[in-house]
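Participant: Provide a 3D model corresponding to the input given below.
(4 chains)
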Protein chains: 2
Amino acid sequence: MTELSTMKDGVANQAEASDRVLQILAEAGRLFASKGFEGTSMRDIALACGISKSLLYHHFSNKDEIYARVAVGSTLELYLFVRDRIPDGPPSQKIRAFMVATAEYFRRYRWAWIASTTAFWNDPDRQRHKERLTRRDRFENFLRGLIQEAIDAGEIRKVDVPMTGRLILSSLNWMHRWYNPNKSATPEQIAEIFFDMIFNGLRSGELVELPATEPPKAGRRKSR
Amino acid sequence: MTELSTMKDGVANQAEASDRVLQILAEAGRLFASKGFEGTSMRDIALACGISKSLLYHHFSNKDEIYARVAVGSTLELYLFVRDRIPDGPPSQKIRAFMVATAEYFRRYRWAWIASTTAFWNDPDRQRHKERLTRRDRFENFLRGLIQEAIDAGEIRKVDVPMTGRLILSSLNWMHRWYNPNKSATPEQIAEIFFDMIFNGLRSGELVELPATEPPKAGRRKSR
DNA sequence: GTTTTCACCGACCGATCGGTCAAGCCCGGC
DNA sequence: GCCGGGCTTGACCGATCGGTCGGTGAAAAC
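Facilitator: Okay, here's the model as predicted:
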């Protein structure tokens, strides 16, 4: 049993929070995601929740705290969420699982994810999201470890590890800009497609298996 | 001679604009990029330019127009900029040139690029950036054409074209979130690295060209 | 020399911002 | 009955928002 059991209603890691607080966080996340932090007023949030503005200040001390609960809450357990979904097996499959798990997290906590990755991310005046950034670092370092592992195992070639991590995370982080939940595939399926493209490359031609390597999941790519 | 000759001072396509207007656009772009649209006040812009707020309204009718000049101006000629840098040759090399040219554009007009790709991008209330989006579509469709060309030529395998375009653009569009001009490589060099990873794949192993008899290729998913 | 043009400014406007506060409402325990 | 304490409210605050106003001063046009 992990801290993840406290996740609820699209709002991650908000243990022992009342329904009203969860409602506020959900609505605030949705508004922050669509209009940004500065573009969302406390009146907007109150209106969306059908409550008075004063009530927001009963449950939260100020606007920054609401954002912090949305954004930090959404990244707080991303690392744990993903880590717990990495199976034993070939390192390349761990990278694949990393991508799929991140996509699942994105799907489940989409508004909070968008709010935390877009709103005033580089405002030099504010340090509100510093903690969020350090958690992001832990998440990214975890991926780099997996990549290094795959290199050491000879499964992938000797690429630049930080740059490879950036490529993989770019494909996932940019997804919220074009992903439409009503169309296309699920985020997890998209992550699989991206893994296939990045791992196997776009180039045509047959790959000759190296002795120890395991091809990706059956049915995805013709092999042997 | 193309429209690109009017680019100047990091502000794209602002023909016959006075120095003061260019200064305002440059400062506004920098502020929009770091604090967002709503987070940047007209007073901020005036202060950064060392002029009065009234003067902004002498040169522009309102705040939206300043943003439009920054954002639309920065995407206005992106398509032409990139298109003019695609050489004749193998389609895969055109894709590579596409990525490098986009990276060069990013480097040259970085603040306007960031401002146009981050500020209130999905505010449902506003249609300010509609024109920008249609221009983006033209840009993305151009890339999809290059990918289809490479598939038809047999240079890359039969991947999902829109999804491949999204992967490539993700790697470029997310760059502004981690790129540090004082460290690391130039954007163009980064684009080359990403092209190599995506085109050749991360997987270790030898590529062997098939003879002319091409087996029904798998390794892809539903198309369109 | 007079008029027109134009870049530019300080003062000001109504609206809205984040945030405060005293007071009501509701409901279980006495 | 009635009391206490969370939940909830509307009225209100100073500050700041985007935007407007009348005007200045100097150069250009006549």
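
Participant: packing partners of the helix or strand hosting residue A:98?
Facilitator: In this structure, residue A:98 sits in helix A:91-108 according to DSSP states H and E. In terms of contacts (3 or more CB pairs under 8 Å, 6 or more residues apart in numbering or on different chains; DSSP states H and E), helix A:91-108 is packed against helix A:78-83, helix A:130-152, helix A:161-173, helix A:187-200. Placement of C-beta: from N, CA and C, glycine included.

Participant: now check the helix or strand following it, is it near chain B?
Facilitator: Note on helix A:91-108: by DSSP H and E, the next helix or strand toward the C-terminus is helix A:110-118. Yes. Against chain B, helix A:110-118 shows contacts by CB under 8 Å from any CB of the partner chain at residue A:118.

Participant: give me the low-pLDDT residue ranges for chain A?
Facilitator: A:1-17, A:119-131, A:206-224 (pLDDT under 70).

Participant: how about the secondary structure of the closest residue to DNA strand D within chain A?
Facilitator: When CB to the nearest atom of the strand is the measure, chain A has its nearest residue to DNA strand D at residue A:54, with 2.8 Å between them. At residue A:54 the chain is in helix, as set by DSSP: H, G, I helix; E, B strand; the rest coil.

Participant: number of nearby residues for it?
Facilitator: 9 (other CB atoms under 10 Å in any protein chain shown).

Participant: and residue A:58, what element?
Facilitator: helix A:53-59.

Participant: and the contacts of that helix?
Facilitator: With CB atoms under 8 Å, 6 or more residues apart in numbering or on different chains as the test, helix A:53-59 has contacts from A:18, A:20-21, A:24, A:42-43, A:45-46, A:66.

Participant: not counting sequence-adjacent ones, nearest residue to the residue of chain A found nearest chain B?
Facilitator: Across chain A, no residue is closer to chain B than residue A:201, which sits at 2.4 Å (CB to the nearest CB). Nearest residue to residue A:201, sequence neighbours excluded (CB to CB, 6 or more residues apart in numbering or on different chains): residue B:201, at 2.4 Å.

Participant: also residue A:95?
Facilitator: residue A:146 (5.1 Å).

Participant: hmm, stretch A:153-160 in reach of chain B?
Facilitator: Yes. On the criterion CB under 8 Å from any CB, stretch A:153-160 is in touch with chain B at A:154-157, A:159-160.

Participant: okay, and which of the contacts of helix A:53-59 map to helices?
Facilitator: A:20-21, A:24, A:42-43, A:45-46, A:66 (DSSP state H).

Participant: filter the residues you listed down to the ones near DNA strand D?
Facilitator: residue A:20 (CB under 7 Å from any atom of the strand).

Participant: ok, the ones in helices among the contacts of helix A:53-59 vs residue B:103, which is closest?
Facilitator: Distance to residue B:103, by CB to CB, is smallest for residue A:66 among the ones in helices among the contacts of helix A:53-59, at 37.2 Å.

Participant: residues in contact with the closest one?
Facilitator: Here residue A:66 is in contact with A:24-25, A:28, A:45, A:56, A:60 (CB under 8 Å, 6+ apart).

Participant: can you check residue A:48 too?
Facilitator: Residue A:48 neighbours (CB under 8 Å, 6+ apart): A:27, A:30-31.

Participant: what's the closest of those residues to DNA strand C?
Facilitator: residue A:31 (10.3 Å).

Participant: residues contacting that closest one?
Facilitator: Counting by CB under 8 Å, 6+ apart, residue A:31 touches A:40, A:44-45, A:48.

Participant: what's the answer for residue A:63, then?
Facilitator: Residue A:63 sits in contact with residue A:42, where contact means CB under 8 Å, 6+ apart.

Participant: again, 10 Å this time
Facilitator: Residues in contact with residue A:63, defined by CB atoms under 10 Å, 6 or more residues apart in numbering or on different chains, are A:28, A:37-38, A:40-42, A:45, A:56-57, A:128.

Participant: and the gap between it and residue B:105?
Facilitator: 36 Å (CB to CB, to the nearest Å).

Participant: ok, and for the helix holding residue A:98, which residues are buried?
Facilitator: A:91-107 (16 or more other CB atoms under 10 Å in any protein chain shown).

Participant: just stretch A:21-34 next, same as before
Facilitator: Of the residues in stretch A:21-34, A:21, A:23-34 count as buried by neighbour count, 16+ other CB under 10 Å.

Participant: does DNA strand C sit close to it?
Facilitator: No. Stretch A:21-34 stays clear of DNA strand C (CB under 7 Å from any atom of the strand), getting no nearer than 10.3 Å.

Participant: burial count for residue A:205?
Facilitator: Using other CB under 10 Å: residue A:205 sits among 15 other residues.

Participant: hmm, back to that, so which of the residues of stretch A:153-160 next to chain B reach DNA strand D?
Facilitator: Applying CB under 7 Å from any atom of the strand to the residues of stretch A:153-160 next to chain B, none is adjacent to DNA strand D.

Participant: rewinding a little: make JSON lines out of the contacts of residue A:48 and add distance to residue A:173.
Facilitator: What follows is the contacts of residue A:48, written out as JSON lines (distance: CB to CB, whole Å):
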{"residue": "A:27", "distance to residue A:173": "24"}
{"residue": "A:30", "distance to residue A:173": "19"}
{"residue": "A:31", "distance to residue A:173": "21"}
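
Participant: so what's residue A:101 up against?
Facilitator: A:78, A:81-86, A:188, A:191.

Participant: please tell me how far it sits from residue A:178.
Facilitator: From residue A:101 to residue A:178 the distance is 20 Å (CB to CB).

Participant: kindly report the same for residue A:108.
Facilitator: Distance from residue A:108 to residue A:178, by CB to CB: 19 Å.

Participant: quick one: distance of the helix holding residue A:98 to the chain centre.
Facilitator: 9 Å (CA atoms, centre = their mean, to the nearest Å).

Participant: try stretch A:56-66
Facilitator: The answer for stretch A:56-66 is 25 Å, by CA atoms, centre = their mean.

Participant: can you check stretch A:104-120 too?
Facilitator: 7 Å.

Participant: show me what contacts residue A:181?
Facilitator: A:107, A:110, A:187.

Participant: same deal with residue A:114?
Facilitator: Residue A:114 neighbours (CB under 10 Å, 6+ apart): A:29-30, A:32-34, A:74, A:106, A:176-177, A:179, B:122.

Participant: among these, which are in helices?
Facilitator: A:29-30, A:32-34, A:74, A:106.

Participant: near DNA strand C, which residues of chain A are found?
Facilitator: Checking chain A against DNA strand C by CB under 7 Å from any atom of the strand, the hits are A:40-44, A:53-54, A:57, A:61-64.

Participant: so which of these wins on neighbours?
Facilitator: Sorting the residues of chain A next to DNA strand C by how many neighbours each has (other CB under 10 Å) puts residue A:40 first, at 25 neighbours.
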